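S.K.: Coordinates for the following, if possible.
(one chain, ligands or ions: 1)
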Amino acid sequence: MTFAQRMSRLGTETAFEVLARARALEATGREVVHLEIGEPDFDTPRFIRQAAAAALEEGFTHYGPSAGLPEFRQVIAEIWRRERGIPCDADHVVVTPGAKPIMFFVMLALLEEGDEVLYPDPGFPIYESVARFINARPVPLVLREDNDFDLDLGELERKITHRTRLLILNSPHNPTGAVLRPETVEGIAALARKHSFHILSDEIYARIQYQGRHLSIASLPGLAERTIVLDGFSKTYAMTGWRLGFGIMEKQLAVHVARLMTNSNSCTATFIQRAGQAALTGPQDEIRAMVEEFRARRDLMVKGLAALPGVRCFAPHGAFYVFPNITGTGMPSGELATLLLEQAGVACLSGTAFGAHGEGYLRLSYANSMENLKLGIRQFGEFLSVRAR
Ligand SMILES: Cc1ncc(COP(=O)(O)O)c(C=O)c1O
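M.R.: Sure, this is the predicted structure:
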């Protein structure tokens, strides 16, 4: 079979591959601590599951509008207007099966061949993958540990050209857990106004932030028109398998993105949208408790990792990942991640799974129990001391 040339440009998300390798090891009887996958270990809160079951009983089993159920879009717009200060109404919202399709659809709708897309490196691998796939030109913006993995405004300005069409932001950030400083967000906004590019602001971890208030760039004057806010239910409500996300964008763009939905998925499952509406309008105390638990786990991870020889660890302000610097171990990231899985039974990701500038780092997800996190760090430490002998 021959495949279209474009398939050679499509990347992947290594987390799923490492998970498969870890599961294969488990099938041979080995025990593995899973710190590779970015999904909450909590169950979806009961009231949300009940809302889905009730919606099925009520007959939400048919096709719905491509852009999403009007009432659900309305609820999203009201909450994001009130809580994030984003000027929007239901017409600005498109609901999708997971948040990932928003990346795909927005780039398909906006970018011509050769248009430049600025994206964070290290960063979520799908940004670069999709940009390449559709023949746009991905241009990395390096996030550096000595700048707390914040975006460097000087570098951003230097990399803007007449072909720059889109900047991708992600705060809180996967894989570093960094949160953009408010002055950085203001600086980016000024550059976007001056150079007229669009911003895809991936805010999927916005509710998992440990200090300060989340600042959406779309809330700044004049920015809502040029920003697409990507958000969803996977992380905040522990709903990864449900596939529910959305984008908030300029109305004309929303029409195009809805048309891409018509051409691909038709619509997002309607009973799942009802569950999403219940999630947003129901009690939020379980979510707050989950965030507090993540905070305690972050503290444990940062302290535990920093105590290992050759490892130092930036203390992240959001999401549920740590991104320790492992250069002091003398091993390249890819090799260390492989050995940790095979010899120490700890599954994690090489920093290079998030771009070339992830070399020297590992990504560990702390969406796992305290007990397993302690075990993972202990086994990591034992592995390093055996190697040092
Ligand atoms: C930064 C970032 N954006 C988007 C997504 C995709 O989320 P969803 O499960 O809603 O498609 C993820 C999932 O890992 C993520 O880490």
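
S.K.: Name the residues of the stretch 101-250 of the chain found near the ligand, please.
M.R.: 124, 170, 174, 202, 204, 232, 234, 240, 245 (C-beta under 6 Å from any ligand atom). C-betas here are computed from N, CA, C, even on glycine.

S.K.: Out of those, which is nearest to residue 104?
M.R.: Closest approach to residue 104 among these (C-beta to C-beta): residue 245, at 11.5 Å.

S.K.: The closest one bridge partners, please.
M.R.: Residue 245 has these beta-bridge partners by DSSP bridges: residue 96, residue 232.

S.K.: Wait, residue 11 touches residue 128, no?
M.R.: Yes: contact criterion C-beta atoms under 8 Å: residue 11 and residue 128 qualify, at 6.4 Å.

S.K.: So these two - more neighbours on which side?
M.R.: For residue 11 versus residue 128, the count of surrounding residues by other C-beta atoms under 10 Å is larger for residue 128: 22 against 15.

S.K.: Look up how far the ligand lies from that one.
M.R.: In this view, residue 128 and the ligand are 13 Å apart by C-beta to the nearest ligand atom, to the nearest Å.

S.K.: And stretch 342-358, end to end?
M.R.: Separation of the first and last residues of stretch 342-358 by C-alpha to C-alpha, to the nearest Å is 21 Å.

S.K.: Next, please give the residue ranges for the helices of the stretch 151-300 of the chain.
M.R.: Secondary structure of the stretch 151-300 of the chain (DSSP state H, counting those that start in this stretch): helices at 153-159, 182-195, 251-264, 270-281, 285-306.

S.K.: Minimum distance to residue 92: which of those helices has it?
M.R.: Of all those, helix 251-264 sits nearest to residue 92, with 5.8 Å by C-beta to C-beta.

S.K.: Tell me where the stretch 51-200 of the chain has strands.
M.R.: Here the stretch 51-200 of the chain has its strands, by DSSP state E, counting those that start in this stretch, at 93-96, 116-121, 137-142, 164-170, 198-202.

S.K.: by how many degrees do the fourth one and strand 198-202 diverge?
M.R.: Our comparison of strand 164-170 with strand 198-202, counting by axes from the mean of the first three to the mean of the last three C-alpha atoms, to 10 degrees, yields an angle of 20 degrees.

S.K.: So for stretch 332-346, what gets flagged as buried?
M.R.: 332-334, 336-337, 340-341, 344-346 (16 or more other C-beta atoms under 10 Å).

S.K.: let me redo that: stretch 2-17
M.R.: 13-15.

S.K.: list the helices and strands the lowest-mean-pLDDT helix or strand in the chain packs on?
M.R.: In the chain, no helix or strand scores lower on mean pLDDT, DSSP states H and E than helix 14-27, which sits at a mean of 92. Identification of packing neighbours for helix 14-27 by 3 or more C-beta pairs under 8 Å, 6 or more residues apart in numbering; DSSP states H and E yields helix 333-344, strand 346-347, strand 349-350.

S.K.: So what touches that helix?
M.R.: 32, 34, 36-38, 125, 337, 341-342, 345, 347-350, 353 (C-beta atoms under 8 Å, 6 or more residues apart in numbering).

S.K.: need the contact list for the nearest residue to residue 357 once chain neighbours are set aside.
M.R.: Closest residue to residue 357 apart from its sequence neighbours, by C-beta to C-beta, 6 or more residues apart in numbering: residue 121 at 4.5 Å. When contacts are counted by C-beta under 8 Å, 6+ apart, residue 121 touches 128, 140-143, 354-358.

S.K.: could the residues you listed go into CSV alongside pLDDT?
M.R.: Below are the contacts of residue 121 laid out as CSV (pLDDT from 0 to 100):
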residue, pLDDT
128, 97
140, 98
141, 98
142, 98
143, 98
354, 97
355, 97
356, 96
357, 97
358, 98
